[in-house]
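Q: 3D, please:
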Amino acid sequence: GSLLLAVHFYSLPRASPLIPSTALGVLLLILSSLLAYAGIRRSLRDASLFLSLCLTISVFWCGYGVVFILGGQGVLNDTGDFRNALVPGLVTFTLALLIIAVVGFLCREVILAMIASAVSLASAHEVATHYSTAFGSSAVACNYMIVCLVGGYFGLGRILYFLTKEKIALPGTDLATKRTHEPIQSTSGSVNHFAVTGLILNMLSASVFGCKLLGVTGKLFIGQVPWLWAAGIYQIGICILSYRAMDVLMATFFGFTSILKFAEGYCLLYLIWQPEEPSFPVPFLVVFSILFVVLALFLTLKSPVDGLYLLFYVAYCIALACRPKGFFEGGPQGMDVAIFVASALMTLIHLYNVKASAKIPTGRGAVKALLARSSVLKLREGADLHAPYLGYSKYADAEVLGYACSVLASFAITMTGNPQAPLATVVIPWVVVAGGILKLLGGSVAFARGKTLESSAFILYAVMWIIWGLARYGGLYGTTRSFHAAVGIIAFMLFNGFIVFCTLFLNIAWFFYSLTFLLIAISFLLDAIHALPAGYDIAATLIFGLVSFYCFLSALFNSVFEGSCLPMGSPIVQLSGVGGGMTKCLHLPARKASSVKRIADILKSGGTCGIPTDTVYVLVAACNRPDAVEKAHQSKRQAQDRPMSLWISSLKQLEPAKHLFSPVLWDFMEAAWPSPISLVIPRGEWVDFLGMKDSAKYVGTPQSVAIRIPDCSVTTHLIDLVGPIVVTSANPTGEADTTHHNQVYAKLGNKVVDAVLCDGPSPENIASTVVDCTKIDSGNIGFFRVGLIPKSQVKLILILFLLP
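A: From the prediction side, this is the model:
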């Protein structure tokens, strides 16, 4: 990327640049996407700096490339347009990359620091060339050549490192050096490496309007939209990555700021169609400032400095509400300057504190120490802070953002707008981005956390907000109304009616949340058929907005504090296995050794558990606990033609009884296991060697027993801890096999299942193959069930290993 820009600036004095602007812009866009991927897939050692550098240059070249494309396509024709378009982004990245370089040098990350400082100097020189002819473009090219040389040196060092099998490592290129000295970060969400990039994106959007106020740029126009929308798109990405970092509060904050960035870009685009600036809905901005205040209070519990930083956005929203022309007025632009400075300071603090051993004080833990004395409010802590009830998830809960977006979208449409000029009031960004795009994000995260009903509702409401926002406020049907629009709204209402019914089994808050959205849908319907009573839509949006605000507060409280400070309520309708008894059945992630040990303890204590295997989920009990085996047998109404089977982790467990098995059968077991093959073998005295005692009568038939060694490390490790286990399918007799941990509890209920070891979807959708080995000594085998392993493969094992 730097080589392309170096060639471009060296050839700039020529009549025609060597690389056309459009081609250069497209190449920069491609490279920016590769840089973003490299940053996210960061190395273990340079987590914060490498990530911040890659993502920062990625967003820089993304906006930069689009500006070059606009220039190449003749959009930036007027004198000074190219300068007015580029300078806000260049100023931002000059300072942002300088901060990264300073921290890099302080933390002895010389390679990364040199790259950051070179790109920073290149941006600074480019700004100077736009304001003074004394500065030539060759200085910019020289700085980019430094990046090429440093990158080439690092690449050469890595190549030598691999070719010489780690014997030669040039200084600064050995990524393994000092790895053992790196501070080990917790995975519980205490450190969010992506926050730095989010703060830099806040600098970028503030720079566009701050430069206009300070006179650095001459006007606000379409040429600056690439910076704003690139910042908005990347900010949504940072929001998602913050959920991956288990940082709910910062993820919500970045979601809020992405809405502002898209709205700012929309306002500059509006000037293409109308010479007058658009107006802003005051109720929305007041509500937005309230949401920022609430979020700032909760963020103060984590870090007072971060909480104070959010107050700048509270003041920004108030300034927008006080000025009818919003972003184009001096008051909001003054707040943009303040946000730029505050974001730069916060970037330095966050980046330095992640890398350095000596920290800049931020007050982190001060409020926590005060709350430790309180008996009313107790902070939620621990490694499982963000663990969902069913299994585990790679994402923290996004319901806080989902409810907040409902509040924003509902109050945004309190402005009726002018049918003759629907775009003149800034409503579309608030409804489409907040109510639509971010709500889709919330629904997707909810689905990843196993919340099927909540995700369905969020996604349905997001689609509704997008369609209705564009139709009503985008001028798609103007003053006319359509029968087809009414039919579509009725279809949405029917879907929402089903969601309302399902929320009866969830909790009271969700019931009212989905029910009051019906009021919004009815408002849309009445408007579509020209029958909307005066004031009804305002009342409907206020009711839905207030219910959503309560859900927002409740989700925030429940994610930060223990107990139910603002409860969501219990299910209106209680059914066994649906909503009820949610605290009686543990759901533990299989990826944790501590979870497997806890399941083992439950089995040793006489419990029955659902566990993952190499095929489908099964229900198990310890062999030496007859009470547990009897519970599994009777509660499941085990069919006589499908007796319970026996699982072991190794043939060593049968070694003391080896003399009781025929050599042919023993050799066949060695050849067939571990695998999804269950062998039905003659019952005998060998059963007593496994300590089954009174459990034996529930396993197999009087003549035979099915036994298997599963090809699953989690399962075999559990058996090593517990001993041989008795196994049956994790579903009522006659029903389909269970292929997800969510289904175990849903199918069997808490009366049967004491705990579930969760591993997501099962690797296979069919059960094991059951082979009849009662007559194997005569060379004959049969099949009770053909499952995952086909008959031909089982017979091949018999032929290859046993028969001459």
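
Q: correct me, but residue 554 touches residue 509?
A: Yes. Using CB atoms under 8 Å, residue 554 is in contact with residue 509, at 6.3 Å. C-beta: built from backbone N, CA, C; applies to glycine.

Q: overlap in contacts of these two?
A: Shared contacts of residue 554 and residue 509 (CB atoms under 8 Å, 6 or more residues apart in numbering): 567, 568.

Q: domain ranges for this protein, per the record?
A: If you go by the TED database, the domain ranges for the chain are 1-171, 194-287+315-356, 422-560, 586-802.

Q: JSON lines for these, including mean pLDDT and distance to residue 401?
A: Converted to JSON lines, the domains of the chain look like this (pLDDT from 0 to 100; distance: least, CB to CB, whole Å):
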{"stretch": "domain 1-171", "mean pLDDT": "90", "distance to residue 401": "20"}
{"stretch": "domain 194-287+315-356", "mean pLDDT": "91", "distance to residue 401": "5"}
{"stretch": "domain 422-560", "mean pLDDT": "86", "distance to residue 401": "5"}
{"stretch": "domain 586-802", "mean pLDDT": "86", "distance to residue 401": "23"}
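
Q: out of the ones you listed, deepest packed?
A: Among the domains of the chain, domain 194-287+315-356 has the highest mean neighbour count (mean count of other CB atoms under 10 Å), at a mean of 22.

Q: quick check: end-to-end length of that one?
A: End-to-end distance of domain 194-287+315-356 (CA to CA, to the nearest Å): 17 Å.

Q: please shift the residue numbers so they start at 110 in all later answers.
A: From this message on, residue numbering opens at 110, which makes the last subject domain 303-396+424-465.

Q: centre of the chain to it, how far?
A: On the basis of CA atoms, centre = their mean, to the nearest Å, domain 303-396+424-465 is displaced by 22 Å from the centre of the chain it belongs to.

Q: swap in stretch 718-738?
A: Relative to the chain's own centre, stretch 718-738 is displaced by 33 Å; criterion: CA atoms, centre = their mean.

Q: what would the domains of the chain look like in TSV with distance to residue 479?
A: TSV is the format used below for these (distance: least, CB to CB, whole Å):
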stretch	distance to residue 479
domain 110-280	29
domain 303-396+424-465	18
domain 531-669	14
domain 695-911	31
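
Q: please save the CA atoms from stretch 399-416 in PDB.
A: Extracted in PDB, the C-alpha atoms of stretch 399-416 (Å, rounded to 0.1, in the frame of the first residue of the first chain):
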ATOM      1  CA  ILE A 399     -30.500  10.500  28.300                       C
ATOM      2  CA  LEU A 400     -29.300   7.100  27.000                       C
ATOM      3  CA  PHE A 401     -25.700   8.500  27.000                       C
ATOM      4  CA  VAL A 402     -26.100   9.700  30.600                       C
ATOM      5  CA  VAL A 403     -27.400   6.300  31.800                       C
ATOM      6  CA  LEU A 404     -24.600   4.500  29.900                       C
ATOM      7  CA  ALA A 405     -22.000   7.000  31.300                       C
ATOM      8  CA  LEU A 406     -23.200   6.200  34.900                       C
ATOM      9  CA  PHE A 407     -22.800   2.500  34.400                       C
ATOM     10  CA  LEU A 408     -19.400   2.900  32.700                       C
ATOM     11  CA  THR A 409     -18.200   5.000  35.600                       C
ATOM     12  CA  LEU A 410     -18.500   1.900  37.700                       C
ATOM     13  CA  LYS A 411     -15.900   0.300  35.500                       C
ATOM     14  CA  SER A 412     -13.700   3.300  34.800                       C
ATOM     15  CA  PRO A 413     -14.600   6.900  36.000                       C
ATOM     16  CA  VAL A 414     -12.500   8.400  33.100                       C
ATOM     17  CA  ASP A 415     -14.500   6.500  30.500                       C
ATOM     18  CA  GLY A 416     -17.700   7.700  32.200                       C
END
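
Q: what is the rounded mean pLDDT of it?
A: Mean pLDDT, computed over stretch 399-416, is 92.

Q: residues touching it, excluding its own?
A: Contacts with stretch 399-416, where a contact means CB under 8 Å, 6+ apart, come from 358-359, 361-362, 365, 417, 419-420, 422-423, 426, 455, 458, 471-473, 475-477, 480, 488, 513, 516-517, 661-662, 665, 669.

Q: distance between the ends of stretch 265-281?
A: End to end - CA to CA - stretch 265-281 spans 12 Å.

Q: how about residues contacting it?
A: With contacts defined as CB under 8 Å, 6+ apart, stretch 265-281 is touched by 219, 220, 262, 263, 282, 283, 286.

Q: now, those that are in helices?
A: Among the contacts of stretch 265-281, the residues falling in helices (DSSP state H) are 219, 220, 262, 263.

Q: quick check, nearest of these to residue 139?
A: Taking CB to CB as the measure, residue 139 lies nearest residue 263 of the ones in helices among the contacts of stretch 265-281, at 21.2 Å.

Q: so that closest one is in contact with residue 219, correct?
A: No. Residue 263 is beyond contact range of residue 219, at 10.4 Å (criterion: CB under 8 Å).

Q: of all the domains of the chain, which one comes closest to residue 681?
A: Closest to residue 681 of these, according to CB to CB: domain 531-669, at 4.7 Å.

Q: show me the strands in the stretch 760-909 of the chain, by range?
A: Per DSSP state E, counting those that start in this stretch, the stretch 760-909 of the chain carries strands over the ranges 786-791, 813-817, 834-838, 864-867, 878-881, 891-894.

Q: mind checking which of these is nearest residue 596?
A: Smallest distance to residue 596 across these (CB to CB): 42.1 Å, for strand 864-867.

Q: who touches the closest one?
A: Contacts to strand 864-867, defined as CB under 8 Å, 6+ apart, come from residues 499-501, 694-699, 704-705, 707-708, 711, 716, 718-721, 823, 827, 850, 853-854.

Q: what pairs with that strand, and is each one parallel or antiparallel?
A: Looking at strand 864-867 with DSSP bridges, its partner strands are strand 695-698 (parallel), strand 718-720 (parallel).

Q: tabulate the ones you listed (JSON lines), appending distance to residue 391.
A: Formatted as JSON lines, the strands paired with strand 864-867 follow (distance: least, CB to CB, whole Å):
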{"stretch": "strand 695-698", "distance to residue 391": "46"}
{"stretch": "strand 718-720", "distance to residue 391": "54"}
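
Q: re the thing from before, mind checking which of the contacts of stretch 399-416 are in helices?
A: 358-359, 361-362, 365, 417, 419-420, 422-423, 426, 455, 458, 475-477, 480, 513, 516-517, 661-662, 665, 669.

Q: shouldn't residue 609 be in contact with residue 620?
A: Yes. Look at residue 609 against residue 620 with CB under 8 Å: they come within range, at 6.9 Å.

Q: perfect, I'm done here.
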